[in-house]
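Q: Fold the stuff below for me.
(one chain, ligands or ions: 1)
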Amino acid sequence: DAHLKGIEALNPRLNAFITVTAEVAREQAKAADQALGKGEGRALTGIPLAIKDLFCTAGTRTTAASKILGNFVPPYESTVTANLLRDGAVFLGKANLDEFAMGSSNATSAFGGVENPWKRAGDDTVLVPGGSSGGSAAAVAARLALGATATDTGGSIRQPAAFCGIAGIKPTYGRVSRFGTVAFASSLDQAGPVARTVEDCAILLRSMAGFDPRDATSADVAVPDFASACARGVKGLRIGIPREFRLPGMPAEIEALWQQGIAWLRDAGAETVEISLPHTQYALPTYYIVAPAEASSNLARYDGVRFGLREEGADLKDLYERTRRAGFGDEVRRRILIGTYVLSAGYYDAYYLKAQKIRALIKRDFDEAWGKVDAILTPATPSAAFGRDEKQDDPVAMYLNDVFTVTANLAGIPGMSVPAGLDSKGLPLGLQVLGKSFDEETVFAVGHAIE
Ligand code: GLN
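A: Numbering: from 1, shown residues only. The predicted structure follows:
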């Protein structure tokens, strides 16, 4: 009830939820009370969560923040949300996001942008919560939910977590099932939690994760108790500091935060080692070819015939065109156009194939680094949250937001954003911890030591 009241009071301003499921939440909470009364509590019994509106929830509208799915009520539950329900969670509603998770500021949502609950000191400018999981991060930061589900294709868990002063982890590709999660770029998409603390993320991830035969890329590996890994400490760990992440023109405050993080980890008994990830400079162009290519293919299914928005037309082609014209926003169209271009005959070798080769080199950089270090520390974002009116009409400036986060998706490795301090205007900044595939435990240990 306290969370629902908070949502009622603040959501009209923050717009963190597209759909509030108060009735469902009250019923689930009642069931949780009964379970606890009978001594049958589970890991998340009675814990109120926000669900990014990209996860299909049976009987509850799931929009992907797009007009094209504006009326879509899934007949089935995503594996992630089914796992959370199995463990007793309570769902408060569906969190806002960038349309089809494409964006870094939540400005592309067909349901309006999300407002970051944080403000610069002495300045009323409305700031973005980051994206694409901006509604999830804003809801947790504003205390409208104890945690939230999110997804990360190029940074959409870690960047909004950093902008909103909370923790978030993108697990190893394959750790969490993608079944029932609306697809953006299937070889990069991974779901994960955002929450106030690293340990809360650990508890949520344990519940979300696990092998699922309905996702062909789901990994059949045991899910460890991530929460107990938080307490391991970092004594004796070797932490890599990649020199290519020291960007020319990077704000002094970001560099200072990074140095602070290095000092904290050394004080806690870790050794820091300078490493090189030489193909980092190609990560953004590689990502912005691979992701739109996969998106253009995934989004072909929204044709007005099978589900979602339908605009009648003179013939089938006309119906497709009218439906897609009415249903997709500008950023989604841009991605579809880029994607179909780089996949088309004649350009495939020059762009898509080349990007795949560079992707392999980026992955190899990390494989080589793991010979020397156990985890890697970098800034999470090149800046703190920016104003709603900044960068919005410059797609390339917006894409630069993802400079520190996209390599983890291209390589498939886990990455966490940990709240690590405030800038001179009082806005939160995050540090990023990267780890080996399926070694989230070390990522949690390092994240917990920084927090
Ligand atoms: N900002 C990136 C993009 O627009 C990443 C989004 C995401 O991780 N879903 O593609």
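
Q: and the helix or strand residue 11 falls within, which residues are buried?
A: Assigned by DSSP states H and E, residue 11 falls within helix 2-14. Using 16 or more other C-beta atoms under 10 Å as the test for burial, helix 2-14 gives 3, 4, 6, 7, 10, 11, 14. Where C-beta positions appear, they are placed from N, C-alpha and C, glycine not excepted.

Q: Turn those into CSV, columns for distance to residue 153.
A: As requested, these are exported to CSV (distance: C-beta to C-beta, whole Å):
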residue, distance to residue 153
3, 28
4, 31
6, 29
7, 27
10, 28
11, 26
14, 23
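
Q: now, which of those residues lie close to the ligand?
A: When contact is defined as C-beta under 6 Å from any ligand atom, the buried residues of helix 2-14 do not meet the ligand at all.

Q: so which of those would you say is closest to the ligand?
A: residue 14 (20.1 Å; C-beta to the nearest ligand atom).

Q: I'd guessed the closest one sits against residue 142; true?
A: Yes - judged on C-beta atoms under 8 Å, residue 14 makes contact with residue 142 at a distance of 6.0 Å.

Q: got any residues that touch both of these two?
A: Both residue 14 and residue 142 are in contact with residue 117, where contact means C-beta atoms under 8 Å, 6 or more residues apart in numbering.

Q: ok so, going back, helix or strand next in line after the helix holding residue 11, which one?
A: Going down the chain from helix 2-14, the next helix or strand is strand 17-20, by DSSP H and E.

Q: So in that sheet, which strands flank that following strand, and in what orientation?
A: Here strand 17-20 has these sheet partners by DSSP bridges: strand 90-95 (antiparallel).

Q: quick check: angle from the helix or strand following the partner strand to helix 2-14?
A: Under the assignment DSSP H and E, the closest C-terminal helix or strand after strand 90-95 is helix 134-141. Between helix 134-141 and helix 2-14, the angle comes out at 130 degrees (axes from the mean of the first three to the mean of the last three C-alpha atoms, to 10 degrees).

Q: and helix 134-141, what's its mean pLDDT?
A: Regarding helix 134-141, the rounded mean pLDDT is 98.

Q: which other helices and strands contact that helix?
A: Here helix 134-141 touches helix 2-14, strand 17-20, strand 48-52, strand 90-95, strand 147-152, helix 158-164, strand 190-195, going by 3 or more C-beta pairs under 8 Å, 6 or more residues apart in numbering; DSSP states H and E.

Q: who in the stretch 51-200 of the chain is up against the ligand?
A: For the stretch 51-200 of the chain, the contact set with the ligand under C-beta under 6 Å from any ligand atom comprises 101, 102, 103, 104, 132, 152, 153, 154, 155, 156, 184.

Q: Check the buried residues of helix 2-14 and tell me the two furthest apart.
A: The span of these, defined through C-beta to C-beta, is set by 4 and 14 at 14.5 Å.

Q: Put the alpha carbons of stretch 203-221 into PDB.
A: The C-alpha coordinates for stretch 203-221 follow below in PDB (Å, rounded to 0.1, in the frame of the first residue of the first chain):
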ATOM      1  CA  ILE A 203      18.900 -11.600  -4.600                       C
ATOM      2  CA  LEU A 204      16.800 -10.600  -7.600                       C
ATOM      3  CA  LEU A 205      19.200 -12.000 -10.200                       C
ATOM      4  CA  ARG A 206      19.200 -15.400  -8.500                       C
ATOM      5  CA  SER A 207      15.500 -15.500  -8.900                       C
ATOM      6  CA  MET A 208      15.400 -14.200 -12.500                       C
ATOM      7  CA  ALA A 209      18.200 -16.500 -13.800                       C
ATOM      8  CA  GLY A 210      18.300 -20.100 -14.800                       C
ATOM      9  CA  PHE A 211      18.200 -22.500 -17.700                       C
ATOM     10  CA  ASP A 212      15.100 -22.400 -19.900                       C
ATOM     11  CA  PRO A 213      14.600 -24.800 -22.700                       C
ATOM     12  CA  ARG A 214      12.300 -22.300 -24.400                       C
ATOM     13  CA  ASP A 215      15.300 -20.000 -25.100                       C
ATOM     14  CA  ALA A 216      17.800 -21.700 -27.400                       C
ATOM     15  CA  THR A 217      20.600 -19.400 -26.200                       C
ATOM     16  CA  SER A 218      19.800 -20.000 -22.500                       C
ATOM     17  CA  ALA A 219      22.800 -21.600 -20.700                       C
ATOM     18  CA  ASP A 220      22.500 -24.800 -18.800                       C
ATOM     19  CA  VAL A 221      24.700 -23.700 -15.900                       C
END
